[in-house]
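*Asks:* from the sequence below, what's the structure:
(one chain, ligands or ions: 1)
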Amino acid sequence: MTIEEIKTLMESWGEKAFRAPQIFDWLHGKKVKSIGEMSNLPLALREKLEQETALATLTLHTRQISRDGTRKYLFLLPDHQAVESVLMQYDYGNTLCISSQVGCRMGCHFCASTIGGLVRNLLPGEMLEQIYRVEEEAGLNINHIVVMGTGEPLDNLENLIRFIRLLSDPKGKKLSQRNITVSTCGLVPEIYQLAEEKLGITLALSLHAPEDALRQTMMPIAKRYTIAETLAACDAYFQATGRRMSYEYSLVRGVNDMPQQAQALAQLLIDRNAHVNLIPVNPVAERAYETSREESVARFQKILEKNGINATIRKKMGADIDGACGQLRRRLME
Ligand code: SAH
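*Replies:* A predicted model of the protein is given here:
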């Protein structure tokens, strides 16, 4: 709840409005794990909060630390479901990759998160808690958030928007929206809806192929929306927000990593103010995709750059702990 919403709730209970910023501060400033800890609230109000509301906290189940400092967390939710979050430490700061759903229904063929389908959406508080609990556990400040963990964030749009607003709230963690990236497989109507919210976040589109036929063999969503329709929505997002789009391209050996595909991708993006993130695909045990050779990745990047398209290769981190998306949770389910 926003402070305004808590205020309305307090007033409906006959409580003073100033309780709202107090409660908000307990949740998002002091980050308590129970209502009982909200010591400046009268006991009767704490009891009423216990009865009428739910403070869903996450509990740490597993933590893995990689040699490069990457930390992977598996959290249990109150209903015994599990979500993963990954902390990456860079020179310029700490980035947390969070999950937006338990499971996913998008069915991308190279992704482990979608194998068991969608279980449920995460609530805004469950997305925030991943950040709060990792900060507490690792004893550091997180300054970048990427919504690139399990789930399709635009398939949980209302909760996602609420999460972003709470995360950047001046009375909460105050994270600048510029430091938040949301990745989507390309839900076109939702990209337009998100554009209307005029948030300052970066949107990343998982493109992965320069033509529809190939994209359809990798991602079921490509059967619903063409690349042309999807890029038109991304253009609208850029126009509405002024935020440069980011395009993700996971490189699969012999599938989408050939020079002619790099050329075709360059043609698609040449007149767009775009940044391309090349991700050598992480092999997933259940999937037959192989990662691109290092030479193919470098050649792909070179072709894009020759065409004036800014492209970076995603640095592989945490390779010695479960690399690919959704693998920790998969193991828990077995
Ligand atoms: N559902 C959203 C966000 C989660 S996935 C989306 O599709 O964008 C985050 C990114 O990781 C996406 O670009 C996705 O396609 C990619 N991805 C998933 N599994 C992968 C794997 N095994 N190797 C490399 N990238 C992968």
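*Asks:* low-scoring stretches of the chain, by residue?
*Replies:* Within the chain, the stretches with pLDDT under 70 are 319, 322-328, 334.
*Asks:* show me it divided up by domain.
*Replies:* Domain ranges of the chain: 3-52, 59-321, per automatic domain parsing.
*Asks:* and the shortest one, end to end?
*Replies:* What it means is domain 3-52. 17 Å (C-alpha to C-alpha, to the nearest Å).
*Asks:* now do the longest one
*Replies:* Length of domain 59-321, first residue to last, C-alpha to C-alpha: 20 Å.
*Asks:* now Ala266. Nearest residue, chain neighbours left out?
*Replies:* The shortest distance from Ala266 to any non-neighbouring residue, by C-beta to C-beta, 6 or more residues apart in numbering, is to Asn307 (3.7 Å). All C-beta atoms are positioned from the backbone trio N, CA, C, and that covers glycine.
*Asks:* strands along the chain, start to end?
*Replies:* In the chain, the segments counted as strands under DSSP state E are 59-65, 71-76, 82-90, 93-97, 101-103, 118-121, 144-147, 180-184, 202-206, 245-251, 274-280, 310-313.
*Asks:* still on that earlier bit, turn the domains of the chain into CSV, including mean neighbour count and distance to the ligand.
*Replies:* Formatted as CSV, the domains of the chain follow (neighbours: other C-beta atoms under 10 Å; distance: least, C-beta to the nearest ligand atom, whole Å):
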stretch, mean neighbour count, distance to the ligand
domain 3-52, 15, 25
domain 59-321, 18, 3
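*Asks:* what residues are up against the closest residue to Thr312 other than its chain neighbours?
*Replies:* Spatially, and ignoring its direct neighbours in sequence, Thr312 is nearest to Asn277 (5.9 Å; C-beta to C-beta, 6+ apart). Contacts for Asn277 (C-beta atoms under 8 Å, 6 or more residues apart in numbering) come out as Ala204, Ser246, Tyr247, Glu248, Tyr249, Ala311, Thr312, Arg314.
*Asks:* one more pass at 7 Å, please.
*Replies:* Residues near Asn277 by C-beta atoms under 7 Å, 6 or more residues apart in numbering: Ser246, Tyr247, Glu248, Thr312, Arg314.
*Asks:* go on, Met245?
*Replies:* Leu203, Leu205, Cys234, Tyr237, Phe238, Arg272, Ala274.
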